[in-house]
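[1] how does the following fold in three dimensions:
(one chain, ligands or ions: 1)
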Amino acid sequence: MREYPSPAVRRTPRRARGLPRRVSAAVEAALEYGVGGVPRSPAPGAPTARPASGVRRLAANCRALARACHPLPSAAVTAMVTAVAAGAGRGTAGSAGVGAAVLAGQLSVGWCNDAVDARRDAVAGRFDKPAATGELSPRALGLAAGAALAACVPLSLLGGREAAAAHLTGVVFGGWAYDLGLKGTVLSPLPYAVGFGVLPAFVTLGLPGAPWPAWWAVSGAALLGVGAHLVNVLPDLDADRATGVRGLPHRLGAARVRRIAPAVLLTAVATMALGPAGAARPTDWAVLAAAAATAGLGVGVPDADSTVPFRAAVAVAGLTVLLLVMRADTLT
Ligand SMILES: CC(C)=CCC/C(C)=C/CC/C(C)=C/COP(=O)(O)OP(=O)(O)O
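    I've put the predicted structure just below:
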């Protein structure tokens, strides 16, 4: 069984881990006093909290839950799928239902992720994570994740059984499978491919006649998911490796991931621009050209420490989302 926390992390001095002094004191004490790496009660040197009233505690818990749900990606995926649904003709109520279901699914996956990773995040000094600082217990996050998953079922069913089956496949076999184990394996991109790949089907299967989406929409969205995984993991590669996470990007190494991520995302854009039957629209060509230039910029940077490849990959991911939304009217 893997030794945890890894000797590498135990040996790494606080300053080298880049932790603020007071917070790192709390974590080091938590590790030393054997409370599972999560400083649940004030450890020596930790910032002391004033006793909070019920309302204040509730507000603090809500804020912590909001931070633990991976707010940026959750909001981005929800906005993207809602916009695609509107563009595909699901109507106002239908698109709102799609958005609500996707949001519930994203919340469940995000909270489950932080609940499972609480101990590892504490050791890695992830003080942006409320479960790592002890603001929320992993159990509370697990309950919130379960409640969001339960809400996701009826919300997904608003678009019909086929659409719900597609979405719940992505949430369970994509997001939850990633959180509960695939994240640390060579198959780590697979749940992203599944989770994103089903999204066009979630939208189109809710249309009259429940049509399947076109191949290019499914494969473009799946590639977008794989690219999103590579981009998301890139800044955390060292911390992840030190705590024993060995997903595909960790095995490939930062240098390769910084080049592969823009290439995968550019392939997603090309698939969505050139895949639909008939000639590509001028706007498709414009987005494809912008993505190619941006990806080329990222891949061409010789400096191994440059942040340009990462930023370029994020920009190409944005262009991929833009194209998917622009192409929403031709999804089937
Ligand atoms: C539409 C749909 C259901 C998609 C699901 C796809 C999927 C696999 C999502 C995972 C989301 C997630 C919590 C990533 C962060 O985990 P992390 O532990 O790698 O990174 P962190 O340090 O940001 O927590």
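[2] quick check: residues of the stretch 151-300 of the chain near the ligand?
    170-171, 174-175, 178, 183, 191-192, 195-196, 199, 232-233, 236 (CB under 6 Å from any ligand atom). Glycine gets a C-beta too; all of them are placed from N, C-alpha and C.
[3] okay, now the unreliable bits of the stretch 101-250 of the chain?
    Scanning the stretch 101-250 of the chain for pLDDT under 70 picks out nothing.
[4] in the stretch 201-332 of the chain, which residue sits nearest the ligand?
    For the stretch 201-332 of the chain, the residue positioned closest to the ligand under CB to the nearest ligand atom is Asp236, at a distance of 5.1 Å.
[5] look up phi and psi at Ala214.
    phi -70, psi 150 (degrees, to the nearest 10).
[6] tally of neighbours for it?
    19 (other CB atoms under 10 Å).
[7] repeat for Val123
    By other CB under 10 Å, 25 other residues sit near Val123.
[8] that one reaches Thr243, doesn't it?
    Yes: counting by CB atoms under 8 Å, Val123 touches Thr243, with 5.5 Å between them.
[9] which element is whichever residue of the stretch 1-150 of the chain sits closest to the ligand on?
    The nearest approach of the stretch 1-150 of the chain to the ligand comes at Asn113, 3.6 Å away (CB to the nearest ligand atom). Element membership for Asn113, per DSSP states H and E: helix 91-123.
[10] mind giving me the packing neighbours of that helix?
    On a contact count with 3 or more CB pairs under 8 Å, 6 or more residues apart in numbering; DSSP states H and E, helix 91-123 meets helix 21-32, helix 54-68, helix 71-88, helix 130-133, helix 138-157, helix 161-169, helix 177-180, helix 199-204.
[11] can you lay out those as TSV showing mean neighbour count?
    As requested, the helices and strands packed on helix 91-123 are exported to TSV (neighbours: other CB atoms under 10 Å):
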stretch	mean neighbour count
helix 21-32	18
helix 54-68	14
helix 71-88	20
helix 130-133	26
helix 138-157	18
helix 161-169	20
helix 177-180	20
helix 199-204	28
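[12] give me the residue from the stretch 51-200 of the chain nearest the ligand.
    Gly195 (2.6 Å).
[13] who's in contact with that residue?
    109, 170-171, 174-175, 178, 225 (CB atoms under 8 Å, 6 or more residues apart in numbering).
[14] apply 10 Å and report the result again.
    By CB atoms under 10 Å, 6 or more residues apart in numbering, the residues touching Gly195 are 77, 105-106, 109, 167, 169-178, 221-222, 225, 228-229.
[15] host element of it?
    helix 189-197.
[16] from Ala328, how far off is the closest residue to Ala86 other than its chain neighbours?
    Nearest residue to Ala86, sequence neighbours excluded (CB to CB, 6 or more residues apart in numbering): Ser95, at 4.4 Å. Separation of Ser95 from Ala328 (CB to CB, to the nearest Å): 10 Å.
[17] what is in contact with these two at once?
    By CB under 10 Å, 6+ apart, the residues touching both Ser95 and Ala328 are 81, 83-89, 203.
[18] what two of those are the furthest from one another?
    By the measure CB to CB, Val81 and Gly89 form the most distant pair in these, at 14.2 Å.
[19] can you give me phi and psi for Leu158?
    phi -60, psi -30.
[20] count the neighbours of it for me.
    There are 16 residues near Leu158, going by other CB under 10 Å.
[21] check contacts around the residue nearest to it when sequence neighbours are not counted.
    Nearest residue to Leu158, sequence neighbours excluded (CB to CB, 6+ apart): Gly97, at 3.9 Å. Residues counted as contacts of Gly97 (CB under 10 Å, 6+ apart) are 82, 85, 90-91, 155-159, 163, 206.
[22] ok, those vs Ala60, which is closest?
    Out of the contacts of Gly97, the member with the shortest distance to Ala60 (by CB to CB) is Leu155, at 27.3 Å.
[23] what's the closest non-adjacent residue to that closest one?
    Leaving aside its chain neighbours, Leu155 sits nearest to Ala101 (3.8 Å; criterion: CB to CB, 6+ apart).
[24] for the residue nearest to the spatial centre of the chain, give me its contacts.
    Residue closest to the average C-alpha location in the chain (CA atoms, centre = their mean): Pro73, at 5.4 Å. Contact analysis of Pro73 by CB under 10 Å, 6+ apart lists 106, 109-110, 228, 232.
[25] who wins on neighbours among those?
    Using other CB under 10 Å as the neighbour test, the contacts of Pro73 are led by Val109, with 29 neighbours.
[26] can I assume that residue is in contact with Pro191?
    Yes: using CB atoms under 10 Å, Val109 makes contact with Pro191 at a distance of 9.4 Å.
[27] which residues are in contact with each of the two?
    With contacts taken as CB under 10 Å, 6+ apart, Val109 and Pro191 have 170, 172, 174-179 as neighbours in common.
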